Each structure stands twice: as structure tokens, then as C-alpha cells.
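> Below is the sequence, then the predicted model.
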Amino acid sequence: MSSGASTSSIPWQQKLEFMALRGFVGVLGGLPRGVARQLGAGIGWVAYKALGRLRRVGQQNLAMALPEKTDEEREAILQRVYRNLGYQIAEFCQMAGYSQAEASSFISYDGFEHFSAAMARGKGVFVLTGHLGAWELSSFYHSLMGHPMDMVIRRLDNPLVDTYVNRIRCLYGNRVLHKDDFARGLIASMRAGRAVGVLMDTNMTPPQGVFVPFFGQLACTASGVARVVQKTGAAVLPGFLLWQETERKYRLVFGKELAVVSTGNAEADALSNTAQFTAVLEEYIRRYPDQWLWMHRRWKTRPEGEKGIYTR
């Protein structure tokens with residue numbers, strides 16, 4: 001496979017990482033899906049036990065965000081988070097081989113009419129999402145079913161891995177917008193009437209981020225989507241691929257289009273709409289707490305003069 005990068009300038013360590021990844025994807029991708037998912041769950045369990053620093057971040061975040069739950073309940077949530085991440089690893093390894101019929105046997109739409117109506121406006125659509133559920137499989141399935149979208153993604157440090165992963169993501173027409181060309185890419189996509197998936201649940205720093213409430217704590221959150229919406233009139237609606245435990249299937253859920261605040265005060269509107277988008281994310285996370293990436297230091301950036309939340 002062509003890596004899309006000049007291999008002569010790539011360190012041998014990164015070449016080894018790439019070869020290991022290709023081998024790993026090849027092994028899990030060649031297994032029956034159920035077996036691959038069980039192996040993925042086992043990898044998740046090992047990671048839960050072995051990666052103590054990440055586990056402690058998850059425990060701290062859960063204690064801060066969900067104080068009404070007992071220690072035992074929060075630990076059970078965290079263990080299922082790792083299991084679900086293991087499932088997603090397996091799905092990523094398998095998904096290049098999925099057909100529409102096969103994928104639809106374990107994935108269904110819920111609220112597709114909201115997405116369709118938003119697209120019909122012709123001004124572009126922001127799919128408000130985050131590291132909740134099976135986010136990699138989400139955009140892939142949507143494109144497989146004939147609805148390709150753009151995805152705002154940070155470049156991976158290893159260019160060989162970055163090219164390889166993006167090739168799988170984009171097999172059915174998806175396009176990658178890298179964060180280093182964030183604003184220009186978003187505006188171009190909206191003017192072309194495309195859908196763009198944006199992960200809005202990661203820690204940011206000013207001035208790209210503004211502080212809005214998230215689980216009762218101020219969290220520095222990207223305001224770029226809110227600002228582009230003001231310029232383009234694009235629609236915004238939540239979208240998540242969520243594992244349904246009782247059904248043992250995924251559901252790709254699209255919520256209703258959000259009513260965007262537009263008072264003419266650009267800064268106030270950006271803050272208000274970013275707060276609204278973040279509140280919607282919190283609502284979904286509260287409904288599916290064992291499917292969010294609690295190990296991320298989401299509240300790392302603090303307002304000036306405020307003590308940091310995380311300790312080493």
C-alpha cells in the first residue's frame with residue numbers, strides 16, 4: 001500500500017509502528033466480528049488494569065462530574081468505558097470490509113429525518129458530536145449508506161499511520177479536515193452544503209477556546225463551530241453512534257436541529273452557542289456515561305488565577 005508520505009525521511013521507529021498497526025488491523029480484521037469484539041474487550045480490560053495514570057484521570061473526572069453515584073458505580077462505569085473502547089478498536093479493524101447489508105444488521109438510524117431536513121436547507125450541516133459511543137464507526141457507516149461527510153481531525157504524529165487510518169475513514173467519500181486549517185475548511189464545507197462532524201468535547205486553550213459550564217465545572221471549549229455558524233447560517237444538530245446494551249446493536253442517533261442564538265453581538269453569541277452545544281453533549285453523556293472518554297483531561301485549562309484540577 002502506498003503510504004502517501006515520503007518514507008525516506010520517516011524515522012524507523014515510525015515505520016515499525018506502521019507495520020505493527022497494519023499487522024494488528026489485518027489480524028482482527030480477518031476474524032469473525034464477534035470474536036474480534038471479544039478480543040477487543042480483552043484489550044480494553046488489559047488497558048484498564050495496566051494504564052494506571054489514565055485510569056486515575058477517569059476516576060477523578062467521574063467523581064467530579066457524577067458525585068451522586070457511589071465509588072462502586074463509577075468504577076463499573078469506567079470498566080465499561082474500556083470495554084467499549086475495545087469494541088471500537090475491533091470495529092475499526094473490521095469496518096473496511098463491511099457492506100451496507102452487513103453493517104445494517106447491527107446498526108440502525110434513529111432521527112435520520114432531522115439530518116435529511118437540515119441538509120435540505122443547503123447551507124451545510126454541523127453534526128455536533130464527541131468521543132461518545134463508536135465515533136469512528138459513526139461517520140464510516142453514514143458514508144457507507146450514501147451520506148459522506150467531512151471530519152475535523154487532528155493529524156496523527158506518525159504520517160504513515162495518519163495516511164493509513166484516513167484511507168479507511170474515507171473509503172466511501174468522507175473527507176478529512178485537519179485542525180491546522182480548521183476555520184477555512186469549515187467555511188468551505190458549509191458553502192458547498194456538506195455535512196461536517198466536529199468532536200467538541202476536548203480541552204482547548206484561549207483564544208480558540210472559551211469557558212462554558214460542563215458537568216458543573218467551567219471547561220475551555222472550542223468556539224470555532226459557533227463562529228462559523230454565525231457566518232454561514234449552517235444547521236447544527238447532535239449525532240452519535242450509541243451502543244444499545246439490551247439490543248446488542250448500535251443506533252446512529254440524530255437529534256433535532258438546535259436553535260442557534262443570533263443577537264448581532266458576535267462574541268456574546270459565540271459564547272452562548274458554545275455553551276448550548278456543550279450542554280447538549282453533557283445531556284447525551286449523562287444518558288450514556290459508560291460510552292464517553294472519561295480518561296481525557298477535559299478540565300485541564302483553567303480560568304486565569306484558578307488552581308489546576310489535575311495533579312501528577
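That came in fine, so what should we check first? Numbers count the residues shown, from 1 in each chain.

> Can you report how many residues lie near residue 268?
11 (other C-beta atoms under 10 Å). Every residue, glycine included, has its C-beta placed from N, CA and C.

> So for the helix or strand containing it, what gets flagged as buried?
Residue 268 belongs to helix 266-287 when assigned by DSSP states H and E. For helix 266-287, burial by neighbour count (16 or more other C-beta atoms under 10 Å) applies to 269-278, 280-282, 284-285.

> Over to stretch 116-135?
Using 16+ other C-beta under 10 Å as the test for burial, stretch 116-135 gives 118-119, 124-135.

> outside of the helix holding residue 268, which residues touch it?
128, 130, 132, 200-201, 210, 212-215, 219, 221-223, 225-227, 229-230, 236, 238, 240, 242, 255, 258, 260-263, 292 (C-beta atoms under 8 Å, 6 or more residues apart in numbering).

> 6 Å instead?
Residues from elsewhere that reach helix 266-287 (C-beta atoms under 6 Å, 6 or more residues apart in numbering): 128, 130, 132, 200-201, 210, 212, 214, 221, 223, 226-227, 230, 238, 240, 260-263, 292.

> do stretch 91-103 as well
Taking C-beta under 6 Å, 6+ apart as the rule, stretch 91-103 contacts 25, 28, 29, 33, 36, 134, 136, 137, 140, 141, 144, 168.

> out of the contacts of helix 266-287, which are buried?
Neighbour-count burial (16+ other C-beta under 10 Å) is assigned, among the contacts of helix 266-287, to 128, 130, 132, 200-201, 210, 212, 214, 221, 223, 226-227, 230, 238, 240, 260-261, 292.

> Could you pull out the strands in the stretch 51-200 of the chain for me?
Taking DSSP state E, counting those that start in this stretch, the strands of the stretch 51-200 of the chain run over residues 107-110, 125-129, 150-153, 175-178, 195-199.

> pLDDT score for the nearest residue to residue 300 once chain neighbours are set aside?
Among residues not flanking residue 300 along the chain, residue 203 sits closest, at 4.8 Å (C-beta to C-beta, 6 or more residues apart in numbering). With respect to pLDDT, residue 203 scores 97.

> Ok, residue 219 next?
98.

> Doesn't it lie inside a strand?
Yes: Residue 219 sits within a strand when classified using DSSP: H, G, I helix; E, B strand; the rest coil.

> Is the residue lying closest to it once chain neighbours are set aside within a helix or a strand, and which one?
Excluding its sequence neighbours, the residue lying closest to residue 219 (C-beta to C-beta, 6+ apart) is residue 299, at 5.5 Å. For residue 299, there is no helix or strand it lies in under DSSP H and E.

> now residue 299: how far from residue 221?
According to C-beta to C-beta, to the nearest Å, residue 299 stands 11 Å off from residue 221.

> Let me see the ranges of the strands in the stretch 201-312 of the chain.
Using DSSP E, counting those that start in this stretch, strands in the stretch 201-312 of the chain cover 209-214, 217-222, 235-244, 249-254.

> Show me what the first one pairs with in its sheet, parallel or antiparallel.
Using DSSP bridges, the strands paired with strand 209-214 in its sheet are strand 217-222 (antiparallel).

> which outside residues touch the helix or strand harbouring residue 40?
Element membership for residue 40, per DSSP H and E: helix 33-50. With C-beta under 6 Å, 6+ apart as the test, helix 33-50 has contacts from 28, 79, 82, 83, 85, 86, 87, 89, 90, 94.

> Who are the contact partners of the second one?
For residue 79, the residues meeting the contact criterion (C-beta under 6 Å, 6+ apart) are residue 48.

> same thing with the fourth one?
Neighbouring residues of residue 83 by C-beta under 6 Å, 6+ apart: 41, 44.

> Distance check, it against residue 37.
For residue 83 relative to residue 37 (C-beta to C-beta), the value is 10 Å.

> likewise the first one?
The span separating residue 28 from residue 37 equals 9 Å under the rule C-beta to C-beta.

> With the third one instead?
For residue 82, the distance to residue 37 (C-beta to C-beta) stands at 14 Å.

> which one of those two has more residues nearby?
Between residue 82 and residue 37, residue 82 has the larger neighbour count (other C-beta under 10 Å), namely 24 against 21.

> quick one, what contacts the more buried one?
44, 47, 48.

> Could you single out the nearest of the residues you listed to residue 69?
Looking at those and their distance to residue 69, the nearest is residue 48, at 18.0 Å (C-beta to C-beta).
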